[in-house]
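> Give me the fold of what follows.
(4 chains, ligands or ions: 4)
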Protein chains: 4
Amino acid sequence: MISDRKLEHLLLCKNCDVEYRKKTGLGDVELIHKALPEVNMKEIDLSIDLLGKKLDSPFIISAITGGHPSATVINRTLARTAKILNIGMGVGSQRAAIKHPELTSTYTVVREEAPDAFLIGNIGCQQIELAQKSIEMIDADALAVHLNPLQEAIQPEGDVDARGHIESITEMTSTLETPIIAKETGAGIKAEDAITLEKAGVSAIDVAGSGGTSWAAVETYRAQDRTMGDAFWDWGIPTAASTVEVCQSVKIPVISSGGIRSGLDAAKAIALGADAVGIALPLLKDAYSGHEEVVNRINKFNEELRVAMFLVGASNIAELKKSDLII
Amino acid sequence: MISDRKLEHLLLCKNCDVEYRKKTGLGDVELIHKALPEVNMKEIDLSIDLLGKKLDSPFIISAITGGHPSATVINRTLARTAKILNIGMGVGSQRAAIKHPELTSTYTVVREEAPDAFLIGNIGCQQIELAQKSIEMIDADALAVHLNPLQEAIQPEGDVDARGHIESITEMTSTLETPIIAKETGAGIKAEDAITLEKAGVSAIDVAGSGGTSWAAVETYRAQDRTMGDAFWDWGIPTAASTVEVCQSVKIPVISSGGIRSGLDAAKAIALGADAVGIALPLLKDAYSGHEEVVNRINKFNEELRVAMFLVGASNIAELKKSDLII
Amino acid sequence: MISDRKLEHLLLCKNCDVEYRKKTGLGDVELIHKALPEVNMKEIDLSIDLLGKKLDSPFIISAITGGHPSATVINRTLARTAKILNIGMGVGSQRAAIKHPELTSTYTVVREEAPDAFLIGNIGCQQIELAQKSIEMIDADALAVHLNPLQEAIQPEGDVDARGHIESITEMTSTLETPIIAKETGAGIKAEDAITLEKAGVSAIDVAGSGGTSWAAVETYRAQDRTMGDAFWDWGIPTAASTVEVCQSVKIPVISSGGIRSGLDAAKAIALGADAVGIALPLLKDAYSGHEEVVNRINKFNEELRVAMFLVGASNIAELKKSDLII
Amino acid sequence: MISDRKLEHLLLCKNCDVEYRKKTGLGDVELIHKALPEVNMKEIDLSIDLLGKKLDSPFIISAITGGHPSATVINRTLARTAKILNIGMGVGSQRAAIKHPELTSTYTVVREEAPDAFLIGNIGCQQIELAQKSIEMIDADALAVHLNPLQEAIQPEGDVDARGHIESITEMTSTLETPIIAKETGAGIKAEDAITLEKAGVSAIDVAGSGGTSWAAVETYRAQDRTMGDAFWDWGIPTAASTVEVCQSVKIPVISSGGIRSGLDAAKAIALGADAVGIALPLLKDAYSGHEEVVNRINKFNEELRVAMFLVGASNIAELKKSDLII
Ligand SMILES: Cc1cc2nc3c(=O)[nH]c(=O)nc-3n(C[C@H](O)[C@H](O)[C@H](O)COP(=O)(O)O)c2cc1C
Ligand SMILES: Cc1cc2nc3c(=O)[nH]c(=O)nc-3n(C[C@H](O)[C@H](O)[C@H](O)COP(=O)(O)O)c2cc1C
Ligand SMILES: Cc1cc2nc3c(=O)[nH]c(=O)nc-3n(C[C@H](O)[C@H](O)[C@H](O)COP(=O)(O)O)c2cc1C
Ligand SMILES: Cc1cc2nc3c(=O)[nH]c(=O)nc-3n(C[C@H](O)[C@H](O)[C@H](O)COP(=O)(O)O)c2cc1C
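Ligands and ions are numbered 1, 2, ... in the order given. I've put the predicted structure just below:
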């Protein structure tokens, strides 16, 4: 049952080492210190406009969960965080709720908790028929269509027929009014795919590159035979590389995610061209301790981001995007 | 006696660390993830056509043994694997059997076991007079002429007169009807040699580069004085480099081998230009446990190769050969 | 109180690991051995002319302290060293003394101890109104205006309004007769900043790059929450890179500092283009044992510098500046 | 006394770690395997012509000792090796013997032991007046003029006036009939120096680069204060780099030495352009056990060199010099 598998995923992510062994590449990116920043750090503006919504800082709580009983409390905790900090938040794939309506409340809790927050729905790219319902379920501001061929290929029950995805996405973007975000889940997006997606009409791309949570790793723990997951543990395009490639190829907003683990990582991703950054794994772990932990982490990331911006002399996110760096 | 030495080689390969300390270079090759593969993984076609024969997947069991009593069971096991999976298989050097006819059955067992398999005979490049007999012995579909100057130079009883090899090979290819494969044994082939071999009329080249079994390593264990083997343990052209060089220099089919240890390695070698990949050491070790182990490993490699092909959006081996990569 | 914080800084620098984890980059710079130096090592001239003053060797005791009772003995020790060796010396920020006149003697001790030494005053870049008083206080030969946005951003009580700094510096240089040195404190200066500073009229630049004392590290120990200091521990432009950038961008004298730990480091920094080199942390540690230790270390550095000059065939600092190197 | 210091050097070299921490660079040089060498290894010719003398292989026993009582036995052992293998050999600096005639026999033993060997005398570059006597003392075939500014600079009693060396060498080459070899002692020679030396009329250059015996290391053990030796332990141009630079700059024969530790190292040095290779430290250690050890090591090196030549298809040293390599 999907629901069981989802719980298993949560527990593995919480308790085991599920991160890429190879790095995001952000560690090799250096922002350049400005001894004369000519900026007042206290007045630095972290806010962004994303798909028509003003958010207080560029951090987005990436899609994590929904569709099994214990997801309710996690989603409520994350939504409370989104409300308190006025940042964006995604829910996990909503397919389960549509198949099992009794699970709907594990998703709708986010809108109840955060009536005004920027919330992002989530479906697979072949589940075109679920799109409208998913949006309505949480009154979503945007719908993430996740692309996860790696996970599908590795997990025994995976759907490995990837034909027609581009067509489905094109149909969704032309029939729905809500903006569609094309989103990987940890293996990254290359320039060519980004161009295809922009042409297919998506409103934003979340690269979700390699260096953070590895779905091959997660599936390794679930598999009887670990060799497959092991071989592909490190498969994918590192977040820094994917961010650069995608930002240079398309004009739509780009969310950089996958292994973002500090405000300094976020600053680097934005300097590489991203408009916002997503985080999943660390927030999931925090969420088990309550929303104060999640709020606390994002506040720290906000502060680190602000310091980095001060030290490169950027007074807002648009200026940070234009700042120099060394790779 | 050759026969004793062959047994010694088998046992050393089975029990000792005989692999290069330096790597194949395939670890530095990255296939590029495609978030939108537009392929049905279940319909991916792993089959290849090699020298006129259709094989179910591009894995070839590289030349390993023959010529001493205990080789019979290993060769039978490997041949059974080749039959079950419809893949290619080579036997070890057949010189021993021609000098000692009582050892013939250690080779002929492969044809008995696998009447329809693609079987490759094996002789040294100076043993032109044995070529026809070797082919007939196992009704070979192709004859590998091995080039192994490193091993000859290091082993005390080695034949170190390498003059006339090109001429011998030219004579073989012009007098025999069976296709000739020029094959190294672990030190790789450089562009210049590949061009010479193509001109000499060979039908395919097996690069057998560095990074897997090291013949200098094997001979180190046999030698009284280990310094020579130690100094040359890492001699040779890494498999990835040799594969690229040879594929760019010749038009005939290229087999990449030497240190291929996963289906992902195989996918990379093919993306570098190879038409098929060979494996020796891991299959030898498996063979001691029976053909189920060997079949099992190659099945895993097939699956990994299939996943890699899915994730780069290649629906067959020809498409994989054309896919992008980063070195 | 400033005074307490200053003591805390001293003690942390003396006792804890406060150095960058990343390196200065000088280790990757190689001077080129000359087998035929054609120089008499005993006659090598280490002296430099800096801002009109002749100094016996290019080492400068960087700004360290003042403004709290225990600073007196350290400053006396360092000043005695400067007198004995006829080298330059800076005092720490003089702001404390101007706010608390009873602390003035912790600074004036240097001029009493070393009436003829080349002494450098020190203020922050926004404290323009303190400039003249600071100079008079120690009868300074030059005034260092320190740029330390990293430290200000990390420490809780930091002044993070960096607006107007360039204007302040311009005003100082146009109204004061004493030469102004723009000086970072460990995060380095980039080309663009150096050009701005030259235009603002400063007489010299002290790059104080990354690789030695890290102010983020120091503040990490003082902070309740260590994550911020930890994230920025390695922030900054490595000393070698900053030295090259600044030397190639401006015509005024350049002091290279930040992680200079041997006479060989000094030789490399000079060959990269610097006119003098500054050292803080090791001399502070020595100073706790008395001036003999400080004199001893600088004498060793002088000797190492002399040997390096001999081995590249440079008979004076000007020739060393022109010598070849490999990066 | 020189004699005591020489003994101290011998004992330190025999018992302590006196080698560079940085490498010769030969490990990064790769000869390219030739699967079709078309050479008979048994007929490979290792002989060279050096300064008019035919030697059986390109190994030269570098200058080591003389000038103190215990040197006699070492020099006899090394000379016996040179005689047995018909290779070249150098003696240590002969200055001691000229100042203390009673030490002459510690040098002359080499000519007594090896009446026909290619023997190389040794003096410092300023000791022009000793040149003719030194040659006569051992009836030298060539005279090495050693350049060792690093050692002179580090050792307390060193002669650090390096002026006039080029002139002295020019005078020697124009007045003496015996060929002069300019020889470093472990810090390497750069292109510019090599060109100067060729112009000064020397007949060959021994680069003696970094990566083997470090004279700063040796002096570190002798010094009361180890910081100086420690700082310069790794000073110098790595042997591979120095060999390439010098070979590309001059037309006279080049001896590559400094850290040559196998026949494969020698093969690489020759492929980089050298005409012969020198070895000191390992042979000194062997010499304490008798000439069989020394002969044995050089025989192994000869064999390794032969194997490397076979595997690149070189049938003599001139062909090896022209073979391809990857750096
Ligand atoms: C437990 C868990 C469940 C996830 N479920 C989804 C999902 O349903 N849909 C989706 O688009 N991404 C999902 N993701 C992927 C994340 O949104 C994110 O792209 C990825 O984990 C990389 O970010 P990270 O390194 O910060 O974890 C999930 C991640 C985790 C850890
Ligand atoms: C025990 C053993 C025996 C071998 N005998 C032969 C042989 O007779 N002829 C030959 O062409 N290659 C021989 N090889 C070399 C292999 O065919 C192959 O080229 C090489 O081992 C590199 O592949 P690997 O790293 O997968 O082992 C032998 C390899 C092994 C391990
Ligand atoms: C305890 C301490 C106090 C310092 N105080 C000052 C200061 O007041 N003003 C200043 O310009 N730099 C100050 N510095 C920075 C040094 O002058 C120097 O630029 C920096 O420490 C890098 O050099 P180092 O790696 O040799 O320590 C201080 C350094 C230390 C260690
Ligand atoms: C104990 C010892 C004494 C040496 N004495 C001399 C010498 O007197 N003259 C000289 O030119 N080189 C001398 N050398 C340097 C060697 O000839 C050689 O250039 C250097 O050691 C590098 O070679 P290696 O790494 O093989 O030892 C000496 C080396 C050693 C180990």
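
> and whichever residue of chain A sits closest to chain D, how many residues sit next to it?
Chain D sits closest to A:Asp28 of chain A, with a gap of 22.6 Å, by Cβ to the nearest Cβ. Placement of C-beta: from N, CA and C, glycine included. Using other Cβ atoms under 10 Å in any protein chain shown as the criterion, A:Asp28 is surrounded by 12 other residues.

> swap in the one 4 residues further on?
In terms of burial, A:Ile32 registers 21 neighbours under the definition other Cβ under 10 Å.

> who touches the residue nearest to the residue of chain A closest to chain D when sequence neighbours are not counted in this structure?
For A:Asp28, ignoring the flanking residues on the chain, the nearest one in space by Cβ to Cβ, 6 or more residues apart in numbering or on different chains is A:Ile327 at 6.3 Å. When the contact criterion is Cβ atoms under 8 Å, 6 or more residues apart in numbering or on different chains, the partners of A:Ile327 are A:28-30, A:240.

> now the residues you listed as CSV including pLDDT?
Supplementary listing: those in CSV, determined by pLDDT from 0 to 100:
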residue, pLDDT
A:Asp28, 96
A:Val29, 97
A:Glu30, 96
A:Ala240, 98
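
> So which of those residues wins on neighbours?
Using other Cβ under 10 Å as the neighbour criterion, A:Ala240 leads the contacts of A:Ile327 with 28 neighbours.

> can I assume A:Asp159 is in contact with A:Ala153?
No. A:Asp159 lies out of contact with A:Ala153 (Cβ atoms under 8 Å); the separation is 9.6 Å.

> Tell me which of the two has more neighbours.
Each of A:Asp159 and A:Ala153 has its neighbours counted (other Cβ under 10 Å); A:Ala153 has more, 26 against 15.

> Assumed that one was part of a helix.
Yes. Assignment of A:Ala153 by DSSP: H, G, I helix; E, B strand; the rest coil places it within a helix.

> Please name the nearest non-neighbouring residue to A:Tyr221.
A:Leu12 (5.1 Å).

> swap in A:Met41?
C:Val160 (3.5 Å).

> residues in contact with that neighbour?
Residues counted as contacts of C:Val160 (Cβ under 8 Å, 6+ apart) are A:40-42, A:310, C:149, C:152-153.

> Show the pLDDT at it.
According to the per-residue confidence, C:Val160 scores 95 in pLDDT.

> what's the answer for A:Ala223, then?
Here the pLDDT value assigned to A:Ala223 is 84.

> out of everything not next to it in sequence, what's closest to it?
Spatial nearest neighbour of A:Ala223, chain neighbours left out: A:Gly229 (5.5 Å); criterion: Cβ to Cβ, 6+ apart.

> So for the residue lying farthest from the centre of chain A, what pLDDT did the model give?
Each residue of chain A has a distance to the centre, and by Cα atoms, centre = their mean the biggest one is for A:Leu36: 34.4 Å. Looking at A:Leu36, its pLDDT stands at 97.

> same deal with the one 10 residues further on?
Per-residue confidence for A:Leu46 comes out at a pLDDT of 98.

> Might one say that it is in contact with A:Glu304?
No. With contact defined as Cβ under 8 Å, A:Leu46 does not reach A:Glu304; the gap is 11.0 Å.

> all strands in chain A, in order from the N-terminus.
For chain A, the strands defined by DSSP state E occupy A:30-31, A:48-50, A:53-55, A:59-61, A:88-90, A:119-124, A:142-147, A:180-184, A:204-206, A:254-257, A:276-279, A:325-326.

> give me the number of residues near A:Thr175?
For A:Thr175, the neighbour count with other Cβ under 10 Å is 10.

> any weak-confidence spans in chain A?
Across chain A, the ranges flagged by pLDDT under 70 are A:1-3.

> middle-most residue in it, spatially?
With the centre of chain A defined as its mean C-alpha position, the nearest residue by Cα atoms, centre = their mean is A:Ser62, 3.5 Å away.

> which residues touch A:Val254?
Contacts here follow Cβ under 8 Å, 6+ apart; on that basis A:Val254 touches A:204-207, A:243, A:246-247, A:273-275.

> quick check, nearest of those residues to D:Thr81?
The shortest distance between D:Thr81 and any of the contacts of A:Val254, using Cβ to Cβ, involves A:Thr243 and amounts to 63.5 Å.

> you'd agree the closest one is up against A:Gly273?
Yes. Shown here, A:Thr243 and A:Gly273 form a contact pair, counting by Cβ under 8 Å, at 6.3 Å.

> what about those two, which has more around it?
Neighbours of A:Thr243 and A:Gly273, each counted by other Cβ under 10 Å, are more numerous for A:Thr243; the result is 32 against 16.

> nearest residue to that one other than its sequence neighbours?
Once flanking residues are discounted, A:Thr243 sits nearest to A:Ser256: 4.3 Å by Cβ to Cβ, 6+ apart.

> which residues does the one you found form a beta bridge with?
The bridge-partner assignment for A:Ser256, based on DSSP bridges, gives A:Val277.
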